[in-house]
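In: next come a sequence and a model predicted from it.
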Amino acid sequence: MSAIDPGTPAWLAARNDRTAFRLLLEHGPLTRSRLGALSGLSKPTATQMLQRLERVGLIHPVGEVSGGRGPNAVSYGVRVDRITGVAISVLAHSIQAVVVDALGGEHPVAEIVPPGARSPEGDVQAAIEAACAAAGADPACVSRVVIGVQAAFFGEEDELSLTDTLPGWPAVGSEARITRELGIDVTLGNDVNLAAMAERAAGVAQDASSFALFWIGDGLGVGIDLGGAVHRGASGGAGEIGYLPVPKTAAAFAPEANDFTDLLGGPAVVQLLGGAPSEPLASALERLDGDPALLEALAERIAMAAHPVLALLDPAMLVLGGPSGSAGGDALAELVAERIDRAAHPKLVVRSSGTGPQPVLLGARQQLVQQIRDRLEADILPLV
């Protein structure tokens, strides 16, 4: 039995305060009258809610609104300095980071080269400092981070695997190590899974009953969303398609390929597009624009690699993401769709990702905004 019984004045006050806090997050600064109208509560009750939220430090006056006759009404907004976080994407050769607050406001994205001597805490500390410098924020105010890494992560055991792009990060204990050394709350996640979360929240898969995000870049991965929940697997390795052996039919156009990374990873796509081995993937992908033959060649390989994913999951939508998957846009998605076995997948929709150039960072940012809001709301306690 809880210390405060449901239905008591203290419990009702706390519930009203949480309602007011959510409305302020959703609508931005509100006056007492506007808050009362949105909540369906009286102006005196709205005044009490604002007073209690201001007393615990969750909101503050942010301006005045003219209502015609009489004094201007004070508007109140959520404080963004109570809890600050940083969303981080650790890439193969750089780290992207951005400050995150309770309102989900836009802040500059910082991109840095990882420190020479790599470690989980060193990489994260450098990312925090860069993000805060870009946003004009105090690094000391950062209390939590969400980090996307190019590796499989098993959260229950704090285990990383397939860590080619994370030199200096231990196989076990990276999350705990960052928490211990930096004194902040940490959430580690696979980069493609975070991108899938962004696709569900703000991309082309918002209304899909299920979808597979096929990430095609220097490496390959599949983010699996089943009814709005990301499937990570028993050890965090679900979707690591790059290590699957290619079928015999791949020999017709990639005779040296042993696995799907050899067929569709960064170096393979650079070669397909006529680039030298040393050419960056981003540069080679520029040749896709307006070249139907190259688009068709890439679509052929994507469709072949997607077949086992579709056979196992039969999702409602296949989303092409990552640098190579997104570069061809809708034209590439249409070509891939034409090469899908429609007898086996008659209802499958193939789309190009709609989350923009930094989907991993967007997914980490969305998760962090919700964490900050949940933590702030937890401070709204019944008065005893």
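Out: That came through, no problem.
In: what lines up beside the one helix or strand in the chain whose mean pLDDT sits lowest in the sheet?
Out: Least confident helix or strand, the chain: strand 59-65 with a mean of 91, by mean pLDDT, DSSP states H and E. Strand 59-65 sits in its sheet next to strand 73-78 (antiparallel), going by DSSP bridges.
In: elements contacting whichever helix or strand comes after the strand it pairs with?
Out: As assigned by DSSP states H and E, the chain's next helix or strand after strand 73-78 is strand 84-90. Under the contact criterion of 3 or more C-beta pairs under 8 Å, 6 or more residues apart in numbering; DSSP states H and E, strand 84-90 touches strand 95-100, helix 120-135, strand 142-149, helix 191-202, helix 359-377. All C-beta atoms are positioned from the backbone trio N, CA, C, and that covers glycine.
In: now the angle between strand 142-149 and strand 84-90, please.
Out: 20 degrees (axes from the mean of the first three to the mean of the last three C-alpha atoms, to 10 degrees).
In: other residues contacting strand 84-90?
Out: 95-101, 114, 123-124, 127-128, 131-132, 137, 141-150, 165-166, 191, 194, 358, 360-361, 364-365, 367-368, 371-372 (C-beta atoms under 8 Å, 6 or more residues apart in numbering).
In: ok, of these, which come out buried?
Out: Members of the contacts of strand 84-90 that pass the buried threshold by neighbour count (16 or more other C-beta atoms under 10 Å) are listed as 95-101, 114, 123-124, 127-128, 131-132, 137, 142-150, 165-166, 191, 194, 358, 360-361, 364-365, 367-368, 371-372.
In: where does the chain have low pLDDT?
Out: In the prediction, the chain carries residues with pLDDT under 70 at positions 1-7, 67-70, 383-384.
In: how does it divide into domains?
Out: Domain ranges of the chain: 9-79, 84-194+361-375, 205-354, per automatic domain parsing.
In: packing partners for the longest helix seen in the chain?
Out: Counting residues, the longest helix found in the chain (DSSP state H) is helix 292-313. Counting contacts by 3+ C-beta pairs under 8 Å, 6+ apart, helix 292-313 packs against strand 210-216, strand 220-226, helix 260-264, helix 266-272, strand 317-321, helix 329-338.
In: now mean neighbour count too, for the ones you listed, in a markdown table please.
Out: Converted to a markdown table, the helices and strands packed on helix 292-313 look like this (neighbours: other C-beta atoms under 10 Å):
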| stretch | mean neighbour count |
| --- | --- |
| strand 210-216 | 28 |
| strand 220-226 | 24 |
| helix 260-264 | 23 |
| helix 266-272 | 20 |
| strand 317-321 | 27 |
| helix 329-338 | 18 |
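In: in a markdown table: these, plus distance to residue 48.
Out: Below are the helices and strands packed on helix 292-313 laid out as a markdown table (distance: least, C-beta to C-beta, whole Å):
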| stretch | distance to residue 48 |
| --- | --- |
| strand 210-216 | 45 |
| strand 220-226 | 42 |
| helix 260-264 | 60 |
| helix 266-272 | 59 |
| strand 317-321 | 47 |
| helix 329-338 | 53 |
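In: so which of the ones you listed comes closest to residue 79?
Out: Closest approach to residue 79 among the helices and strands packed on helix 292-313 is made by strand 220-226 (33.6 Å; C-beta to C-beta).
In: so which elements touch that closest one?
Out: Using 3+ C-beta pairs under 8 Å, 6+ apart, strand 220-226 sits against helix 191-202, strand 210-216, strand 229-231, helix 260-264, helix 292-313.
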